[in-house]
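Participant: fold the following for me, if possible:
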Amino acid sequence: MAPYLSLVAVALSVGTAIASEQIVLNANSHFSSKSPWTEFQTPIKRVAVIGAGPAGLQAAATLKDHNFTVRLFDRAPGPGGNWLYSEEVPVREPYPDEKPGTQKGIPSELPAVRYYSEGDEGIGLDERWREHWLPRPVWDSLHTNSPSVITELTDVPYPPDHVRGLFVLIGMLSLTTVIWKSWILSHYTIQKHVKAYASLHELNIGDSPAITAYATRVEKLEKAPNNSTWILSLRHLEKLAETNRIKATWWTEEADAVVVATGPYDSPHVPDIKGLVEWSKAKSESGRYSINHSRVYRKPDQYTGKTVLIVGASVSGSEIARDIAPYAKKVYTSIKASTFDEYDWEKLHPFRRRSIRRIPSKVELIPEVANFEPLSAYDKGITEGVIKLINGSTVQGIDEVILATGYKRANAFLNAILNE
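Facilitator: You can find the predicted model right below:
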């Protein structure tokens, strides 16, 4: 069997189990015909779930309810996945863009323990912590763009004040009345909701049995020598306040199957635009970098009185433009067209059209950036810099650039498997 198949097989098969007893998954007893997606060399009893967002929590809870031995890992300090809001921001993205690689610094012999002080290996404790857990790309005013009937998890309903009336779904054979709940939910509401689900299913820190390991990153996932089980190389960070140090612990665990619930896109994409790497070095007089990826955006007041260029007009770009427009002196949004009028609206995905149309009228839409002209210095920001657009026009006087340019596939712990 190909080594990656049982990664997804458990997700396909778990629905056949019976809650009152553990049903060992195997192809012969649960499927009428053999399939490479459901043929297991050994019975599946131990399952590792990577990621404690809504998908990972539900997978872990379902497996646990069916008496599988479950271990749930998440690099963040608590449950929530992308809904775990924090004022902390990720470490700065690399310029130029880097191809995602394998995790670095895994000791040659495991288990292992190391203690880090401020400045060890040229890295501060705060940066080391943020690099490990990767604060999520959620800003303070973020709301969902899907209705609560889709995001609601079972057994932990949203508060009654989110119920807004009724509507009727017309099915093929019958009319179905569905409770309509508020479409717009803040990330604070979602975060509480997801945490409530984790608490209900005893997937929090300190719950017994100890199923969940938070602040624990999967460094590598590989097949065991017997080729029938999986070995996870893990790294846990713990802040030691009394000594102002960080304790790092590495170890391995084994599982019969693995559920990957991390989402595919976890690394920021930095576009290949001429001059961007040089501009990325520029800082304002306050010491803040003048160019940043949208994943570090949190609140609009830091852009008060500034002229801002947002590169990209998908969901993040348009919503951040809406958020900062009342505060900023001027906001430009760069879109992929020589002029805004050249967009073929009929060929755009409806969600894409919606994002562009949500950009406030006071935001000026400009064509795609062709290049960033050379700066005379990097310690005075980018205000004097010249940005050339693909239609030949230029823009000047920009204080900050937000790269709302999306994400790329990373999940470095899967590289060894994907390379096979």
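Participant: in this structure, where is pLDDT below threshold?
Facilitator: When residues are selected by pLDDT under 70, those of the chain lie in 1-39, 100-103, 161-183, 337-348, 420.
Participant: at 80 what do you get?
Facilitator: Judged against pLDDT under 80, the low-scoring parts of the chain cover residues 1-41, 99-104, 160-184, 227, 337-353, 410, 415-420.
Participant: which stretches of it form helices?
Facilitator: With DSSP state H, the ranges of helices along the chain come out as 5-13, 27-30, 54-65, 125-133, 148-151, 187-200, 276-279, 315-324, 350-357, 415-419.
Participant: next up, the contacts around Ala196.
Facilitator: Counting by CB atoms under 8 Å, 6 or more residues apart in numbering, Ala196 makes contact with Val156. All C-beta spots, glycine's among them, are computed from the backbone N, C-alpha and C.
Participant: go with 10 Å
Facilitator: With contacts defined as CB atoms under 10 Å, 6 or more residues apart in numbering, the neighbours of Ala196 are Pro79, Leu153, Asp155, Val156, Pro157, Tyr158.
Participant: next, count neighbours for the fourth one.
Facilitator: In terms of burial, Val156 registers 16 neighbours under the definition other CB atoms under 10 Å.
Participant: got the contact list for it?
Facilitator: When contacts are counted by CB under 10 Å, 6+ apart, Val156 touches Lys192, His193, Val194, Lys195, Ala196, Tyr197, Ala198, Ser199, Leu200, His201.
Participant: mind checking which of those are buried?
Facilitator: For the contacts of Val156, a burial check counting by 16 or more other CB atoms under 10 Å picks out Lys192, His193, Val194, Lys195, Ala196, Tyr197, Ala198, His201.
Participant: could you single out the nearest of those to Ala241?
Facilitator: The shortest gap between Ala241 and any of the buried ones among the contacts of Val156 belongs to Lys195, at 23.4 Å (CB to CB).
Participant: give me the domain ranges for the protein.
Facilitator: 5-86+138-143+186-265, 271-404 (automatic domain parsing).
Participant: in TSV: the ones you listed, plus distance to Glu98.
Facilitator: As requested, those are exported to TSV (distance: least, CB to CB, whole Å):
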stretch	distance to Glu98
domain 5-86+138-143+186-265	15
domain 271-404	12
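Participant: so Val277 sits right up against Asp97, yeah?
Facilitator: Yes. Under the criterion of CB atoms under 10 Å, Val277 makes contact with Asp97 at 9.4 Å.
Participant: quick check: neighbours shared by these two?
Facilitator: Taking CB under 10 Å, 6+ apart as the contact rule, Val277 and Asp97 both touch Val270.
Participant: residue contacts, Ser314?
Facilitator: Listed by CB under 10 Å, 6+ apart, the contact partners of Ser314 are Ser294, Ile335, His349, Phe351, Arg352, Ser355, Ile356, Ala404, Thr405, Gly406.
Participant: now these: which count as buried?
Facilitator: Judged by neighbour count, with 16+ other CB under 10 Å as the criterion, the buried members of the contacts of Ser314 are Ser294, Ile335, Arg352, Ser355, Ile356, Ala404, Thr405, Gly406.
Participant: look up how far Arg136 lies from the fourth one.
Facilitator: Put plainly, it is Ser355. Distance check for Ser355 against Arg136: by CB to CB, to the nearest Å, it reads 20 Å.
Participant: so what does Ala377 look like in phi/psi?
Facilitator: Reported as degrees, to the nearest 10, the phi and psi values for Ala377 are phi -160, psi 160.
Participant: quick check: it vs Gly317, distance?
Facilitator: Here Ala377 is placed at a distance of 29 Å from Gly317 (CB to CB).
Participant: who has more neighbours, the two?
Facilitator: Ranked by neighbour count (other CB under 10 Å), Ala377 and Gly317 place Gly317 first, with 24 against 9.
Participant: check contacts around the more buried one.
Facilitator: If you count contacts by CB under 10 Å, 6+ apart, Gly317 has them with 294, 310-311, 333-335, 355-356, 359, 402-406.
Participant: change it to 8 Å
Facilitator: Taking CB under 8 Å, 6+ apart as the test, what Gly317 contacts is Ser294, Ile310, Val311, Thr333, Ser355, Ile402, Ala404.
Participant: before we move on, what about Arg217?
Facilitator: When the contact criterion is CB under 8 Å, 6+ apart, the partners of Arg217 are Phe73, Arg75, Gln103, His132, Trp133, Leu234, Arg235, His236, Phe413.
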